[in-house]
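Colleague: Could you work out the structure for the sequence below:
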Amino acid sequence: MPQIVLSAMSAGGLVGISNQYMFLLCLSIISRLGWVDLTPEMQFMESWFFIIPTGIIWLITTAPAYLTTFDVTWISNVANTANEVFSGLLVPASSALVGLASVGIIASTSPELEAILAAFSVFNQETGSITPLGIGLAGGSAVIATTLRVSRTIAKPGVSVATGTTGTVDAPIFTTIENVISVVMVGLYVILSRINPWLVVALLAVVILITAAILTWAIFQLIKLGRGFGRVFRLLETHPKAGWALIGEVFAWGSGHLAWSYTNGAVVRIVAWAAYILFGLFVMLPLIVVPVIGIAVDIMYLILGIFIGLRSAAGLARKLERDGHIPPIGEEGVESNQAAAPAAG
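Modeller: As a prediction, this is how the structure comes out:
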């Protein structure tokens, strides 16, 4: 039984490194073509009623990334941010679907595994409801996928800076790579599961190690280039008002803009932040009673809020640079030394 559960959970975890909609589409289509067998209770994923809406959502969420290649940057930024929030919240659910559906694929690789699945099903055969084993499998998939998704989100800025793909270039590149990875991951998953289901677990382990390595490298690049937290700490010393405004902006969107009298930008962000807090308290927080999956969704919601705050803080930093309130990136120390030189003389 561990072979089935861990392999299926690993398949669900692979959603975190992929475009979840493309992953679901690929899995649904190959199942409809009869190339794999999903768990009976999850065979609704083979229907056009699942495939078509998933395809539409994929198109809607993918298109904004390519808008950055046109002269509509502000529209693409808003759309991409909304996409991050919407898609991020669905990662636990998408990975849980893949994990539960994959049980049938894994079990169908040998009569022995099919017999084990019949004895320990993730669904109640009489009521069709999910069993505690199924909840654990779906929850494990959600936790793994959420962790990978968060790591991927955190790593993007560092990779963009280090590779010179910032601005209007990084969004379409990242989106294209994620879609390609989705197709590759589904293909590897199907092939490896037929050879030996434990290879799917090994594939996830390799993916986690690669993701951890990229994340570490990306964070190092941000520190090396004087970005992120390092810059904020320097601003706290040389420009305290700006430094504290950036920190406030992360956790209370619009507060930093308001402190510097950027009223137009502040009002929109404060309203959005208030809506985020209210939605979190009255809609997201009650989900914590749902075993594992609810907790994963709430964690993702919290992290997405911080992510939006970081982007808002980055926008505030650019405005402060533009208006001459703070020096450009990397020049904080230079300015400090220049100011200290006359005093030393």
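
Colleague: can we go C-alpha only for contacts and neighbour counts from here?
Modeller: Fine.

Colleague: what about the nearest residue to G16 once chain neighbours are set aside, which helix or strand?
Modeller: In space, and not counting its chain neighbours, G16 is closest to A145: 3.9 Å by CA to CA, 6 or more residues apart in numbering. If you go by DSSP states H and E, A145 is part of helix 132-163.

Colleague: For the helix or strand just after that helix, list every residue counted as buried.
Modeller: Sequence order places helix 170-195 as the next helix or strand after helix 132-163, per DSSP H and E. Residues of helix 170-195 classed as buried under the neighbour-count rule (16 or more other CA atoms under 10 Å) are 170-172, 174-176, 178-179, 181-183, 185-186, 189-190, 192-194.

Colleague: Burial check on A252, number of neighbours?
Modeller: Residue neighbour count, defined by other CA atoms under 10 Å, stands at 22 for A252.

Colleague: so who does it touch?
Modeller: Counting by CA atoms under 8 Å, 6 or more residues apart in numbering, A252 touches 270, 273, 309.

Colleague: and the last one, what pLDDT?
Modeller: The predicted structure scores G309 at 83 on the pLDDT scale.

Colleague: any idea which helix or strand carries it?
Modeller: Using DSSP H and E, G309 sits in helix 293-322.

Colleague: what is the orientation angle of that helix with helix 132-163?
Modeller: If you take axes from the mean of the first three to the mean of the last three CA atoms, to 10 degrees, helix 293-322 sits at 20 degrees to helix 132-163.

Colleague: just use 862 as the starting number from now, easier for me
Modeller: All set: I'll call the first residue 862, so the last point we hit is now helix 1154-1183.

Colleague: Which secondary structure elements does helix 1154-1183 sit against?
Modeller: helix 934-968, helix 993-1024, helix 1101-1112, helix 1116-1120 (3 or more CA pairs under 8 Å, 6 or more residues apart in numbering; DSSP states H and E).

Colleague: re the thing from before, the residue nearest to G877 reaches V876, doesn't it?
Modeller: Yes - if you go by CA atoms under 8 Å, A1006 and V876 touch, sitting 5.7 Å apart.

Colleague: Now for the two: what residues contact both?
Modeller: Residues touching both A1006 and V876 (CA under 8 Å, 6+ apart): 952, 956.

Colleague: On the pLDDT front, check L1177 for me.
Modeller: On pLDDT, L1177 comes in at 89.

Colleague: Settle this for me: it is touching G1117, isn't it.
Modeller: Yes - between L1177 and G1117 there is a contact under CA under 8 Å: 7.4 Å.

Colleague: between the two, who's got more neighbours?
Modeller: Using other CA under 10 Å, the more surrounded residue of L1177 and G1117 is G1117, with 27 against 23.

Colleague: Give me the spatial nearest neighbour of that one, chain neighbours excluded.
Modeller: Nearest non-adjacent residue to G1117, counting by CA to CA, 6+ apart: A1106, 4.1 Å away.

Colleague: picking that back up, tell me the most packed of the contacts of A1113, by neighbour count.
Modeller: When neighbours are counted by other CA under 10 Å, G1170 leads those with 23 neighbours.

Colleague: show me what contacts the most centrally placed residue in the chain?
Modeller: Residue closest to the average C-alpha location in the chain (CA atoms, centre = their mean): R1010, at 3.4 Å. Neighbouring residues of R1010 by CA under 8 Å, 6+ apart: 877-878, 949, 952.

Colleague: quick one: low-confidence parts of the stretch 962-1111 of the chain?
Modeller: Along the stretch 962-1111 of the chain, the parts satisfying pLDDT under 70 run over 970-972, 974-981, 983-989, 1018-1032, 1080, 1082-1091.

Colleague: Out of the helices and strands packed on helix 1154-1183, flag the one nearest M1145.
Modeller: M1145 lies closest to helix 934-968 among the helices and strands packed on helix 1154-1183, at 10.0 Å (CA to CA).

Colleague: Would you format the contacts of A1113 as TSV with distance to A872 included?
Modeller: TSV is the format used below for the contacts of A1113 (distance: CA to CA, whole Å):
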residue	distance to A872
I1131	39
W1134	35
G1170	32
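
Colleague: Any idea how many residues pack against the nearest residue in space to I1015 that is not next to it in sequence?
Modeller: Distances taken as CA to CA, 6+ apart place L1076 nearest to I1015, at 7.3 Å, with adjacent residues excluded. Number of residues near L1076 (other CA under 10 Å) recorded here: 20.
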